[in-house]
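Asker: Sequence first, then the predicted structure, then my questions.
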Amino acid sequence: MSDQRVTWSEEASGTYQRIAAIAVPYRAEQIAALLMLLPFDVNESFHAVELGSGEGRLAGALLEAFPRATVTGLDGSEAMRETSRHRLAKHGNRFRVSSFNLLDDAWWPELDGAQAVLSSLVVHHLDGAGKQTLFREVRQRCATPATLLIADLVLPAHPRAQTLYANLYDRAARARSQELVGSDAYFQAFVDEEWNFFRYPDEDDWDKPSGLHEQLRWLTAVGYPIADCFWLQAGHAIYGGYTDAAAPNNGLTWERAMEIATAAAELTDAEATD
């Protein structure tokens, strides 16, 4: 990969965990959308790899929705890996989590033979060249057919959209804070951390989101002939590619997907009072 001089720290993981409940806009809806986009029947066996599996919420939802699937989670934080191990212990050997550093290639063999690769809020840490290398490596190492689904920040094509994205992101975060705890307490932490990338662009070169349209072109170029954006809110998009046309219905209804996703995104009582 191209030279990337910054790395994710345990401190950054701790900050994210404190505000993750509102830092990911429409979190349950995003998880549900990813479940609906997986091109597998609910009773089908398949293996997925999640890049940046964090606390295991998306992986847990996938394992719940597809009871014969297996997931390998990759995350750079030991605290996150331990949280996901505990959260998903009930799934036994259907879930495995391992350490990885997005910025090197030692973890690439984890992709070998996977039928789906998912990533949430990870790919934007790579520059354009790094994203293209990642897309190519995923395509070459995964099985055929296969899919790559990404939920991430995207850079607006026009600077006027930057302000729109910033305002929509704040609005979503504030509404979620009110929904969770009846106050702006979480939202204030979100503001204090200057987490809204579109309002506070990263001066340390850690966040490097690319434009949506160029990423779709990169996906097509490496062997995903069906590449598209499937969801977009507050500067966060779900996009990706398929190697072939999948069946139009995987047997999962939107209502069931949202039920699973809402449970996955819920805070425990302890988390809500931290």
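Answerer: In hand now; what should we look at?
Asker: where along this structure do the strands fall?
Answerer: 47-51, 70-75, 95-99, 116-120, 147-153, 226-233, 236-242 (DSSP state E).
Asker: could those strands go into TSV alongside mean neighbour count and distance to Leu38?
Answerer: Glycine gets a C-beta too; all of them are placed from N, C-alpha and C. As requested, those are arranged in TSV below (neighbours: other Cβ atoms under 10 Å; distance: least, Cβ to Cβ, whole Å):
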stretch	mean neighbour count	distance to Leu38
strand 47-51	24	8
strand 70-75	24	11
strand 95-99	17	16
strand 116-120	25	6
strand 147-153	24	7
strand 226-233	16	12
strand 236-242	23	10
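Asker: for those, which one sits closest to Gln215?
Answerer: The closest of those to Gln215 is strand 236-242. By Cβ to Cβ, the value is 6.6 Å.
Asker: Look through the protein and tell me its longest helix.
Answerer: The longest helix of the chain (DSSP state H) is helix 160-181.
Asker: by contact count, what packs against it?
Answerer: helix 10-23, helix 185-192 (3 or more Cβ pairs under 8 Å, 6 or more residues apart in numbering; DSSP states H and E).
Asker: tell me which residues of that helix are tucked away?
Answerer: Buried residues in helix 160-181, counted by 16 or more other Cβ atoms under 10 Å: 162, 165-166, 168-170, 172-174, 176-177, 180-181.
Asker: Give me the distance between the nearest residue to Gln178 once chain neighbours are set aside and Arg174.
Answerer: Take Gln178 and drop its neighbours on the chain: the residue closest to it by Cβ to Cβ, 6 or more residues apart in numbering is Asp184, 7.0 Å away. The gap separating Asp184 from Arg174 is 6 Å, by Cβ to Cβ, to the nearest Å.
Asker: can you list contacts of the longest helix of the chain?
Answerer: With Cβ atoms under 8 Å, 6 or more residues apart in numbering as the test, helix 160-181 has contacts from 21-23, 25-27, 156, 183-188, 190-191, 195-199, 233-236, 267, 272.
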